[in-house]
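*Asks:* Any chance you could fold what I've pasted below:
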Amino acid sequence: MSISQKLLGTKALFWQHEQEYRLRKFNQARKSLTITYDTIAEVIFGIKTAQHTKKDIMNAILKLNKNVRFYEAKLHDSQFKLDIVGLLL
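*Replies:* Predicted coordinates:
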């Protein structure tokens, strides 16, 4: 694992109570990961995720699990932070 992968995958102690898994692509677009749809509670899209990608992922998940909540990260207007905003379906 590269240092950039470690940095992006490291979670601050402040967030240690969160029970989450982070999925990212690192030059491995052809590899697959198998998960069951009933294990997904929410999805947070990064600020660079294309709209068509969000739509495709949301449609695929919602076909099998209608209880998933979707959010996207947005840059805060005046502070160095991200806001997590709910997406309307």
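*Asks:* elements contacting the longest strand along the chain?
*Replies:* In the chain, assigned by DSSP state E, the strand with the most residues is strand 69-75. On a contact count with 3 or more Cβ pairs under 8 Å, 6 or more residues apart in numbering; DSSP states H and E, strand 69-75 meets strand 42-45, helix 51-64, strand 82-86. Every residue, glycine included, has its C-beta placed from N, CA and C.
*Asks:* Please identify the deepest-packed of these.
*Replies:* Each of the helices and strands packed on strand 69-75 was given a mean neighbour count from mean count of other Cβ atoms under 10 Å, and the largest, a mean of 16, is that of strand 42-45.
*Asks:* for that one, packing partners?
*Replies:* For strand 42-45, the contact count by 3+ Cβ pairs under 8 Å, 6+ apart identifies helix 51-64, strand 69-75 as packing neighbours.
*Asks:* could I get the ones you listed as JSON lines with mean pLDDT and distance to K81?
*Replies:* As requested, the helices and strands packed on strand 42-45 are arranged in JSON lines below (pLDDT from 0 to 100; distance: least, Cβ to Cβ, whole Å):
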{"stretch": "helix 51-64", "mean pLDDT": "92", "distance to K81": "21"}
{"stretch": "strand 69-75", "mean pLDDT": "93", "distance to K81": "8"}
